[in-house]
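S.K.: model this:
(one chain, ligands or ions: 1)
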Amino acid sequence: MFPYASDEEALRDVLRLSRGMTYKSALANLDLGGGKSVIIGDPRKQKSDALLEAMGRHLEGLGGQYIAAEDSGTSVPDLKVMGRHTQHVAGIASRIGFDGNPSNGDPSPATAYGTFIGLKAAVKHKLGQDNLSGLKVAIQGIGNVGFRLAKHLKEAGADLWVYDIHAENMQRAIDELGAKPASAEDILFLPVDVVAPCAMGAVLNDRSIPELKAGIVAGAANNLLDRPEHDAMLRQHNILYAPDFAINAGGIIDVFYERKGASPDQVRAHVDTIGDTLTEIFNRSDRTGLPTGEIANELAEERFRKHTAGAGLAPERLACAG
Ligand code: NAD
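M.R.: Below you'll find the model as predicted:
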């Protein structure tokens with residue numbers, strides 16, 4: 001939910017987002033197409049039960065072709081209100097999560113764990129080490145995903161630097177995890193091994209890439225590249241980039257299994273495959289000389305073409321569903 005300036009702007013965004021979901025689901029080997037919905041409005045001022053219920057009725061009208069889950073501007077309680085009128089909402093079921101802890105359906109813990117697994121695969125590839133002890137990591141954005149990622153890294157022995165625009169989020173990581181504070185200006189440019197952007201997109205751009213000192217970028221935020229060509233620019237600067245839609249797929253994997261009723265172990269095992277997928281991307285990138293984002297797109301396309309051929313569906317049909 002976002003106060004888009006016009007219908008055209010909302011339409012552009014929803015098409016971009018739904019395309020991204022198609023690639024993310026395919027790369028995660030999920031039996032899903034890709035879809036996204038947007039609600040035009042300011043979530044702080046214009047959200048009401050009536051609006052969310054209307055959305056629920058609309059989802060019901062799509063007959064299960066599309067399943068909605070929480071994202072920017074919406075939360076678990078909002079999806080529950082939509083769920084008064086439809087079964088076709090996800091990320092809301094109370095159950096035992098993939099990590100054995102109680103879950104309210106929030107996919108963030110699985111996203112953070114998947115990002116941790118992906119970050120480890122990147123470290124193994126670039127630095128040849130399995131052990132994260134003493135690894136220096138800078139995390140931008142200590143929210144739902146960033147804090148949990150920081151916790152996994154701390155438990156693995158990494159040294160952390162953190163920055164968040166909300167001082168209390170940053171303070172929590174300092175107090176509870178012994179992280180060191182950084183500033184808005186320096187968080188991406190510290191002399192660390194890994195930079196993990198977990199706040200917003202487009203942070204990898206003409207200005208930032210030449211200034212990065214880390215050899216690895218591995219974070220959960222969506223749409224990290226400002227423009228597609230920044231993929232190649234990272235490679236030219238000898239920076240290993242873990243493509244965002246490959247490394248942050250833990251949440252969609254979790255949401256998928258919520259509807260299937262799988263065991264926590266099954267979900268965890270699937271999230272663990274994010275590491276193998278990234279290793280395949282990194283190896284193929286080394287072999288071909290192509291940047292990692294381009295390889296991830298290729299691999300996703302191979303997977304959804306194979307899948308749609310098997311299911312007898314035209315790719316464009318599947319890309320609209322789910
Ligand atoms: P969140 O809103 O809980 O956390 C984002 C944090 O970033 C907040 O603490 C916010 O204060 C901080 N922030 C915002 N602007 C900042 C800036 N300029 N500098 C530093 N910090 C800033 O969101 P989240 O659920 O943790 O998601 C983080 C990112 O990961 C988003 O880009 C989201 O789209 C992506 N993502 C999340 C999930 C998920 O399961 N939650 C799944 C896939 C991708």
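S.K.: can you list the residues of the stretch 51-200 of the chain near the ligand?
M.R.: Residues of the stretch 51-200 of the chain found near the ligand (CB under 6 Å from any ligand atom) are 107-108, 111, 140-146, 163-166, 169, 198-200. Heads up, the C-betas are built off the backbone N, CA and C, glycines and all.
S.K.: Just the ones of those residues in strands?
M.R.: Residues of these located in strands (DSSP state E): 140, 163.
S.K.: which of the residues of the stretch 51-200 of the chain next to the ligand count as buried?
M.R.: The neighbour-count test (16 or more other CB atoms under 10 Å) applied to these identifies 107-108, 111, 140-142, 144-146, 163-164, 169, 198-199 as buried.
S.K.: and the helix or strand where residue 26 lies, what other elements does it pack with?
M.R.: If you go by DSSP states H and E, residue 26 is part of helix 7-27. Counting contacts by 3 or more CB pairs under 8 Å, 6 or more residues apart in numbering; DSSP states H and E, helix 7-27 packs against helix 244-247, helix 250-260, helix 292-311, helix 315-320.
S.K.: let's see it at 7 Å
M.R.: Applying 3 or more CB pairs under 7 Å, 6 or more residues apart in numbering; DSSP states H and E, one finds that helix 7-27 contacts helix 244-247, helix 292-311.
S.K.: residues making contact with that helix?
M.R.: By CB atoms under 7 Å, 6 or more residues apart in numbering, the residues outside helix 7-27 that reach it are 4, 32-38, 40, 245-246, 249, 252, 277, 296-297, 299-300, 303-304, 319.
S.K.: ok, residue 177 to residue 165 distance?
M.R.: Per CB to CB, to the nearest Å, residue 177 is found 19 Å from residue 165.
S.K.: need the contact list for the closest residue to the ligand within the chain.
M.R.: Nearest to the ligand in the chain, going by CB to the nearest ligand atom, is residue 143, at a distance of 1.8 Å. Counting by CB under 7 Å, 6+ apart, residue 143 makes contact with 169, 198.
S.K.: Mean neighbour count for the helices and strands packed on helix 7-27 - can I get that in a markdown table?
M.R.: As requested, those are exported to a markdown table (neighbours: other CB atoms under 10 Å):
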| stretch | mean neighbour count |
| --- | --- |
| helix 244-247 | 27 |
| helix 292-311 | 17 |
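S.K.: Nothing else from me, thank you.
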